[in-house]
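S.K.: Sequence first, then the predicted structure, then my questions.
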Amino acid sequence: MLSRLLRRLLLGQFLVGALLGWLIARQTGVSSWLAAVTALLLPLMTTMLVSMATGIMSRAPGANALWWRSLFGEYWAWLRFGLRQLPWAKASPQVRLATADPSSDGSRIPVVLVHGYLCNHRVWDVMANRLRRAGHPVLGVDLEPLFTSIDLYAPLIEKAVAELCRQTGSEKVALIGHSMGGLAIRAWMRTYGTSRVARVITLGTPHVGTQIASRVKTDNGKQMLLRSAWLQELAASETASTRSLMRIAITPQDNIVYSQREQVLEGVPVTVFDGLGHLELCFNGAVAAWVLQQLEDPTLS
């Protein structure tokens, strides 16, 4: 389980930081409080280095001040998710019904939320609350095991779709996928069809692959390689009718999925959000407002 792995990594960083602080304090004679300070600082510094490294590797030619904004924003996102949310997902996601909303008639489309690589359903905390306040029942999916073929996640999504339809009485759902989650949704549609799909929305999904995946040796990582055979086969399996259900959001400052502006599919409308990092797409207010707008499209059936 990812949350358990992340908790162990955090504990390891705290212990290493405390040991370093203790050794420095012992050698220099400074206060032993240095051990506690370095224990806290090490996870923060590690997160900063990761966000900076991915930002620099993915920086597009001609990047401007928006790149700097995305760099700081993504660091905050890594802190938020890596320290506060993802490690503490102890329970399996459950259907969360819409909260009381006078403006909602109770018939808003239910939504299945599918996270990306090395994440879990807690990445959707902010988005899920926005959706529920707008009248949409939601259900998150945890894609596990972590390092397997994306095709093997299709039954997990099918289970979530069936459960959400059962509990809400709806015949159709919308599905929102972040990063690899968008590919998992497309793999699910290839296997189970689109008869229960009202809308598919993808955020920062590597539809044509990402260069960063060249450093990943897992099965799902290899599938996300830029222009991989798996991605080309997935695209070839989709009809114009399937593509008409989809909407894509990208950011030109995406620090994980790049080349950023290539992440489009023929026949699918694309919306660009400038100045955001990869993880920021999951909780940014403008993105959430756009998602709600897509779900309120009168053509949705």
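M.R.: Perfect, I can see it now. Numbers count the residues shown, from 1 in each chain.

S.K.: pLDDT score for residue 37?
M.R.: With respect to pLDDT, residue 37 scores 68.

S.K.: Please disregard the earlier target; I meant residue 104.
M.R.: So residue 104 comes in at 49 (pLDDT).

S.K.: cool, the one 10 residues further on as well?
M.R.: For residue 114, the model assigns a pLDDT of 98.

S.K.: Setting aside sequence neighbours, what's the nearest residue to it?
M.R.: Nearest residue to residue 114, sequence neighbours excluded (Cβ to Cβ, 6 or more residues apart in numbering): residue 181, at 3.5 Å. Placement of C-beta: from N, CA and C, glycine included.

S.K.: Using PDB, write out every CA atom in stretch 83-98.
M.R.: The C-alpha trace of stretch 83-98 is given here as PDB (Å, rounded to 0.1, in the frame of the first residue of the first chain):
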ATOM      1  CA  LEU A  83       3.500  15.100   3.800                       C
ATOM      2  CA  ARG A  84      -0.100  15.800   4.700                       C
ATOM      3  CA  GLN A  85      -2.400  13.600   2.600                       C
ATOM      4  CA  LEU A  86      -1.000  10.600   0.700                       C
ATOM      5  CA  PRO A  87       0.800   8.900   3.600                       C
ATOM      6  CA  TRP A  88      -2.300   9.000   5.800                       C
ATOM      7  CA  ALA A  89      -4.800   7.200   3.500                       C
ATOM      8  CA  LYS A  90      -5.500   4.300   5.800                       C
ATOM      9  CA  ALA A  91      -9.000   3.300   4.600                       C
ATOM     10  CA  SER A  92     -10.200   2.200   1.200                       C
ATOM     11  CA  PRO A  93     -12.200   5.000  -0.600                       C
ATOM     12  CA  GLN A  94     -15.900   4.900  -0.200                       C
ATOM     13  CA  VAL A  95     -18.800   6.500  -2.000                       C
ATOM     14  CA  ARG A  96     -19.200  10.100  -0.700                       C
ATOM     15  CA  LEU A  97     -22.700  11.400  -1.400                       C
ATOM     16  CA  ALA A  98     -23.200  15.100  -2.400                       C
END
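
S.K.: Tell me the secondary structure at the residue nearest to residue 114.
M.R.: Secondary structure state of residue 181, per DSSP: H, G, I helix; E, B strand; the rest coil, is helix.

S.K.: That one touches residue 115, doesn't it?
M.R.: Yes - between residue 181 and residue 115 there is a contact at 5.2 Å, judged by Cβ atoms under 8 Å.
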